[in-house]
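*Asks:* Everything below, folded, please.
(one chain, ligands or ions: 1)
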Amino acid sequence: MIAKEVGNHVDDDGYVPVICGLSRCNKGDIDAAWEGVRYALRPRIHTFIATSEIHMRHKLRKTPEEVIQIASEMIAYARSLGCEDVEFSPEDAGRSDTEFLYRILIEVIKAGATTLNIPDTVGYTLPSEFGSLIAKIKATTPGAENVIISTHCQNDLGLATANTLAGAYNGGRQLEVTINGIGERAGNASLQEVVMAIRCRGNEFFGGLYTGINLKHISVASRMKLELKGSTNHQCYTQCSTKKHLGYLVSQ
Ligand SMILES: CC(=O)SCCNC(=O)CCNC(=O)[C@H](O)C(C)(C)COP(=O)(O)OP(=O)(O)OC[C@H]1O[C@@H](n2cnc3c(N)ncnc32)[C@H](O)[C@@H]1OP(=O)(O)O
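*Replies:* Okay, the predicted model is just below:
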């Protein structure tokens, strides 16, 4: 319904929203995601698999070579369904070995990925570190000049907005954020903080970067989210609910 209704809406200025389905790197998830988004004018499949040593060993129980193979094959599979817009996330990139990260990113670009999303899945990196990672991926990954580099930052250390802005400063051109910073554990980067930082300092520090977000809608969206979901507790280490803590363990 979202794909058919929202995904077929053309704004007065011609803008059409991308409708995206998230899936693990397996055929069943990708098929389900495609079925969900295929009726949109601009459908996208976003597929992810973990690349940090701790996740590959203990969660996936797969070798790095197997992970590269699975990611490449599943991106090619998503493209083979007719989806021309495929996003790939190396989950837990913030704690991944950078040489391995570059290798898998090269392979997924070859397989047909069009957006490379770099998640700091457990909110571990510092802004200088995350910014430098984005800059290096952009500068040294063959094929990166033809794809969009994206950021996805969690707020466990209270740095999600700072890391997202560091990513934008270093060439990230898709910034994954959430209204009011809602998200697992301490949340994700906050849409309003990131949008306003770019709005206020974009000319000085981001080479004229802008977002295209209509600022009038931010308060309405924020209030709507509060009404539907209630307030969000962003104090990860001191006030996590059991559910959030469980989520933290799953991600770890
Ligand atoms: C931007 C981002 O980073 S978004 C990503 C956020 N991360 C998530 O949402 C993680 C979601 N995934 C999970 O939590 C777990 O995989 C679950 C809960 C869905 C499934 O857990 P379980 O049922 O315990 O399955 P388990 O973890 O044992 O994995 C089952 C199989 O799927 C594989 N698998 C797990 N994750 C992935 C993945 N992302 N891609 C491909 N295969 C995967 C495992 O390696 C395992 O393979 P095997 O059958 O060959 O051994």
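*Asks:* how about stretch 38-51: buried residues?
*Replies:* Across stretch 38-51, burial judged by 16 or more other C-beta atoms under 10 Å covers R38, A40, R42, P43, R44, I45, H46, T47, F48, I49, A50, T51. Yep, even glycine has a C-beta here, placed from its N, CA and C like the rest.
*Asks:* Extract the CA atoms of it and return them as PDB.
*Replies:* Extracted in PDB, the C-alpha atoms of stretch 38-51 (Å, rounded to 0.1, in the frame of the first residue of the first chain):
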ATOM      1  CA  ARG A  38       8.100  -3.100  -6.600                       C
ATOM      2  CA  TYR A  39       4.900  -1.100  -7.300                       C
ATOM      3  CA  ALA A  40       6.600   2.200  -6.400                       C
ATOM      4  CA  LEU A  41       7.900   4.500  -9.100                       C
ATOM      5  CA  ARG A  42      11.300   4.400  -7.400                       C
ATOM      6  CA  PRO A  43      11.700   1.100  -5.600                       C
ATOM      7  CA  ARG A  44      14.800   0.200  -3.600                       C
ATOM      8  CA  ILE A  45      16.100  -2.900  -1.900                       C
ATOM      9  CA  HIS A  46      18.500  -2.400   1.100                       C
ATOM     10  CA  THR A  47      20.300  -5.500   2.000                       C
ATOM     11  CA  PHE A  48      22.800  -5.900   4.800                       C
ATOM     12  CA  ILE A  49      25.300  -8.400   6.300                       C
ATOM     13  CA  ALA A  50      27.700  -8.000   9.100                       C
ATOM     14  CA  THR A  51      31.400  -7.400   8.400                       C
END
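*Asks:* Can you name the residues of this protein sitting close to the ligand?
*Replies:* With the criterion set to C-beta under 6 Å from any ligand atom, the chain comes near the ligand through 24-26, 48-49, 59-62, 70, 89, 91, 117, 119, 121, 152, 250.
*Asks:* Buried subset of those as a PyMOL selection?
*Replies:* Restricted to buried positions by 16+ other C-beta under 10 Å, the PyMOL selection for these reads:
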select buried, resi 24+25+48+49+59+60+62+70+89+91+117+119+121+152
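*Asks:* Inside strands: which ones of the residues of the chain next to the ligand?
*Replies:* Among those, DSSP state E puts R24, F48, I49, S89, E91, N117, P119, H152 in strands.
*Asks:* As TSV, these with pLDDT would be great.
*Replies:* As requested, these are exported to TSV (pLDDT from 0 to 100):
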residue	pLDDT
R24	98
F48	98
I49	98
S89	98
E91	98
N117	98
P119	98
H152	98
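*Asks:* quick one: contacts of the host helix or strand of E35?
*Replies:* According to DSSP states H and E, E35 maps onto helix 27-37. For helix 27-37, the surrounding residues in contact (C-beta atoms under 8 Å, 6 or more residues apart in numbering) are 2-3, 7, 19-23, 43-47, 74, 77-78, 81, 83.
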